[in-house]
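A.B. asks: Below are the sequence and a predicted model for it; my questions follow.
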Amino acid sequence: MNTTFREKLKNKKRIVIKIGSSSLTHPDTGYLDLIKLEVLVREISDLRNQGKDVILVSSGAIMVGSKTMGYDRKPSRMAQKQACAAIGQAKLMMIYQKLFAEYNQVASQILMTKHTILNNLNRLNAKNTFEELLRMGAIPIVNENDTISTYEIEFGDNDTLSAVVSAMVGADLLILLSDIDGLFTDDPHKNPEATFIDVVEELDEHLLSMGKGSTGSNVGTGGMATKLTAAEIASAAGTDMIIANGADFHVIHKIIQGRPYGTLFLSHKKNDFYVWIFWNGYCKRRTETWIKKELTVSTNLPERQKHRN
């Protein structure tokens, strides 16, 4: 383990923290884990008291909304997802506002879609809003705008959204908290022989190919593949990134103290990197993959079901 790289984390001034749905909820019931949320808010508030800028990218709107409306699991129909997102996002923000107020902090909400990044004017307005909120000492809480997002305009996961936000605001550290300890040589949920990787000094094609589009949770939408895409974006933008386990949010201050938690991805800023150009290409590849998948599904449908659709 290289302690020199970890020591530098103490000096990070602008930090983006991404929390997955599975890190916010009780695994058995799917309801919000309020004790964990209080710890999260206290950790972020203490970072603010240290003079650091903090942006929270928080999943959970659809899950909170679906539980509020009595669903046992996340709905599958788009209209239901969007309705649950509208209910859940309001409830989630109400809880965040209340908890942050206890520590004399002000929480704010920013909802984004793909076009927030791809449209020049939208991107500039979003960046200016982030900068002004941080200047005022507020804590921006970001999520995808699931209420209006369809496949054509959605980010698809908050791992890549958090990396895009980091690139937009010039963050020097991105922390992804999920249900895994970091990057392994193989999926540790399936292979007990998988080896933990402490520091990734350079993200190469071999490491990118290790990403698998799966997650140990049935709550969130991202897997290791999306986290490695996030690392690719963050690195090119000059943002160091850590993947760590979100089972205990006290890990946040431990990471900032330079202690050995999670996998640290070192950044290699590219002067010719523009996040909106990268994102446009990434979205085109995702769309092509989605179209191929839909065509395959359609081809394999029984004739009677095709006519019904």
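C.D. replies: Nice, I can see it. Since we're looking at a predicted model, the values are computed, not measured. Numbers count the residues shown, from 1 in each chain.

A.B. asks: for the stretch 151-300 of the chain, what spans make up the helices?
C.D. replies: For the stretch 151-300 of the chain, the helices defined by DSSP state H, counting those that start in this stretch cover 158-169, 205-209, 224-237, 251-256, 275-300.

A.B. asks: okay, now T195: neighbour count?
C.D. replies: 10 (other Cβ atoms under 10 Å). Glycine gets a C-beta too; all of them are placed from N, C-alpha and C.

A.B. asks: Averaged pLDDT, stretch 107-117. What do you get?
C.D. replies: Across stretch 107-117, the average pLDDT comes to 90.

A.B. asks: Please apply the same query to stretch 204-215.
C.D. replies: Per-residue scores along stretch 204-215 average to 67.

A.B. asks: Same check on stretch 44-54?
C.D. replies: Mean predicted confidence for stretch 44-54 is 98.

A.B. asks: then it to CSV, C-alphas only?
C.D. replies: In CSV, the C-alpha atoms belonging to stretch 44-54 read as follows (Å, rounded to 0.1, in the frame of the first residue of the first chain):
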residue,chain,number,x,y,z
ILE,A,44,-20.7,15.8,5.4
SER,A,45,-21.4,18.6,7.8
ASP,A,46,-18.1,18.0,9.5
LEU,A,47,-16.3,18.2,6.1
ARG,A,48,-18.1,21.6,5.6
ASN,A,49,-16.9,22.7,9.0
GLN,A,50,-13.4,21.9,7.8
GLY,A,51,-13.9,24.4,5.0
LYS,A,52,-14.3,21.9,2.2
ASP,A,53,-16.9,22.1,-0.6
VAL,A,54,-19.1,19.0,-0.6
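
A.B. asks: contact partners of that stretch?
C.D. replies: 12-17, 56, 100, 103-105, 134, 137, 139, 171, 252-253, 256 (Cβ atoms under 8 Å, 6 or more residues apart in numbering).

A.B. asks: 7 Å instead?
C.D. replies: 13-15, 17, 56, 100, 103, 105, 134, 139, 253, 256 (Cβ atoms under 7 Å, 6 or more residues apart in numbering).

A.B. asks: ok, now stretch 127-142?
C.D. replies: 44, 48, 53-58, 93, 96, 100, 105-110, 112, 165, 168-169.

A.B. asks: Phi and psi next, for the closest residue to F184 other than its chain neighbours.
C.D. replies: In this structure, F184 finds its nearest non-sequential neighbour in A194, 4.1 Å apart by Cβ to Cβ, 6 or more residues apart in numbering. As for A194, its main-chain torsions (degrees, to the nearest 10) stand at phi -60, psi 140.

A.B. asks: What is the neighbour count of A194?
C.D. replies: As a measure of burial, A194 has 14 neighbours, counting by other Cβ under 10 Å.

A.B. asks: That one contacts G182, doesn't it?
C.D. replies: No. The pair A194 / G182 is not scored as a contact, 10.9 Å apart, by Cβ atoms under 7 Å.

A.B. asks: what's the overlap in contacts for these two?
C.D. replies: By Cβ under 7 Å, 6+ apart, no residue touches both A194 and G182.

A.B. asks: Roughly how far does the residue nearest to F184 sit from L207?
C.D. replies: 14 Å (Cβ to Cβ, to the nearest Å).

A.B. asks: before we move on, what about N49?
C.D. replies: For N49 relative to L207 (Cβ to Cβ), the value is 36 Å.

A.B. asks: next one: C84
C.D. replies: From C84 to L207 the distance is 36 Å (Cβ to Cβ).

A.B. asks: now swap in G238 and tell me
C.D. replies: 19 Å.

A.B. asks: Tell me who's in contact with S59.
C.D. replies: Listed by Cβ under 7 Å, 6+ apart, the contact partners of S59 are 19-21, 143, 158, 220.

A.B. asks: if you skip the residues just before and after it, what's nearest to it?
C.D. replies: Leaving aside its chain neighbours, S59 sits nearest to S21 (4.3 Å; criterion: Cβ to Cβ, 6+ apart).
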